[in-house]
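K.L.:
Sequence and predicted structure, then a few things I'm wondering about:
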Amino acid sequence: MSEAERGVRVTTAGGVARVVLCRPEKRNAFDDQVIARLGEVIGALSSDHSVRVIVLEGEGKVFSAGADLDWMRRMVTADRESNVADALRLADLYEALHCAPQAVVAKVHGAALGGGAGLVAAADIAVAAEGTVLGFTEARLGILPSVISPYVVMKIGPGHARRFFVTGERMDAVEAFRIGLVHHVVAGDALEEAVQRVCFEVLQCGPQAVAHCKELVEDVVGGLAMAGALEDGFDNVKAYTATRIAEARVSAEGQEGLKAFLEKRRPRWAQ
């Protein structure tokens, strides 16, 4: 089965991997096969040290309309155990995307609904075209945006999450920017250029530093920093964060970055 048949296409160049949802006839909706393929792709890219940015995008008129209707029909008739297993596979995908050591950029256009909006929330940076429609529409189907909720709440906070979860209403890109779901809103014909600018900025940073920055935010926002600090013998979060920066300064990447700055040259990793 080809990549296109499984709904995901991957190309890599200059440290940037382009992961394209390529089911335009289905509005890039995902089913169990797409979830499995996308999980495989993200897993492989996460361990590829030559890849420093992952751009997630959709082919055709929309980014992703969420769940495929045929897949939803199968889940309606499946038993509870099968539904739990299916949901866990989807949860694994969002976790892999969110925890990838590379910066993950969502290139969003047309529409990102339900699970498609969840992909936007799980990404580190989201760039949206003007006129894009986003929404967490699950409640209108009598279900809930459960597996994407950790990433949505982290991104937009509980207040906005409650509003959009319980109404299922759609928002435009400007509103998504206002609440923090997306970070840049640009004209449709400027979307690719804007994504390239974001990729360029990431490529000026140390790849290990990028991965560690993501971990740091996860620890602090998730309240895990204190637990990790105590397990490692530290008294408090202050000691934990001070140790993290000290370790970065003495690392090979940190030494190169600091020396390059002092010597007024570009570090070796900068592209």
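P.N.:
Cool, got the structure.
K.L.:
Where in the chain is the helix or strand with the lowest mean pLDDT?
P.N.:
Of all the helices and strands that make up the chain, helix 224-231 has the lowest average by mean pLDDT, DSSP states H and E, namely a mean of 52.
K.L.:
next helix or strand past that one?
P.N.:
Counting by DSSP states H and E, the next helix or strand C-terminal to helix 224-231 is helix 237-250.
K.L.:
Give me the average confidence score over that following helix.
P.N.:
Per-region confidence: helix 237-250 scores 75 on mean pLDDT.
K.L.:
what's it packed up against?
P.N.:
Counting contacts by 3 or more C-beta pairs under 8 Å, 6 or more residues apart in numbering; DSSP states H and E, helix 237-250 packs against helix 207-221, helix 224-231, helix 252-262. C-beta coordinates here come from the backbone N, C-alpha and C atoms, glycine included.
K.L.:
Domain ranges for this protein, per the record?
P.N.:
Following automatic domain parsing, the chain resolves into domains at 8-201, 206-262.
K.L.:
Quickly, which of these bottoms out on average pLDDT?
P.N.:
Among the domains of the chain, domain 206-262 scores lowest, at a mean of 75.
K.L.:
got the residue ranges for the helices in this protein?
P.N.:
Secondary structure of the chain (DSSP state H): helices located at 32-46, 69-77, 80-99, 115-122, 149-167, 173-179, 191-203, 207-221, 224-231, 237-250, 252-262.
K.L.:
and the second one, what does it pack onto?
P.N.:
Counting contacts by 3+ C-beta pairs under 8 Å, 6+ apart, helix 69-77 packs against helix 80-99.
K.L.:
quick revisit: just send the domains of the chain back as TSV, with distance to Arg268 and mean neighbour count too.
P.N.:
Formatted as TSV, these follow (distance: least, C-beta to C-beta, whole Å; neighbours: other C-beta atoms under 10 Å):
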stretch	distance to Arg268	mean neighbour count
domain 8-201	13	19
domain 206-262	6	14
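K.L.:
Would you reformat those as TSV and include distance to Gln271?
P.N.:
Shown next, in TSV, are those (distance: least, C-beta to C-beta, whole Å):
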stretch	distance to Gln271
domain 8-201	6
domain 206-262	11
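K.L.:
With Ala270 as the reference, name the closest of those domains.
P.N.:
Nearest of the domains of the chain to Ala270, taken as C-beta to C-beta: domain 206-262 at 8.1 Å.
K.L.:
now do the same end-to-end measure for that closest one.
P.N.:
16 Å (C-alpha to C-alpha, to the nearest Å).
K.L.:
ok, now stretch 52-68?
P.N.:
30 Å.
K.L.:
Please state the offset of it from the chain centre?
P.N.:
Centroid separation between stretch 52-68 and its chain, computed with C-alpha atoms, centre = their mean, to the nearest Å, is 11 Å.
K.L.:
One more: stretch 21-36?
P.N.:
That offset, for stretch 21-36, works out to 17 Å (C-alpha atoms, centre = their mean).
K.L.:
and what of stretch 108-117?
P.N.:
13 Å.
K.L.:
And for that stretch, what's in contact with it?
P.N.:
If you take C-beta atoms under 8 Å, 6 or more residues apart in numbering as the criterion, stretch 108-117 is touched by 27-30, 57-58, 60-67, 90, 106, 119-120, 126-129, 132-138, 145, 148, 152, 170, 173, 181-182, 188, 191.
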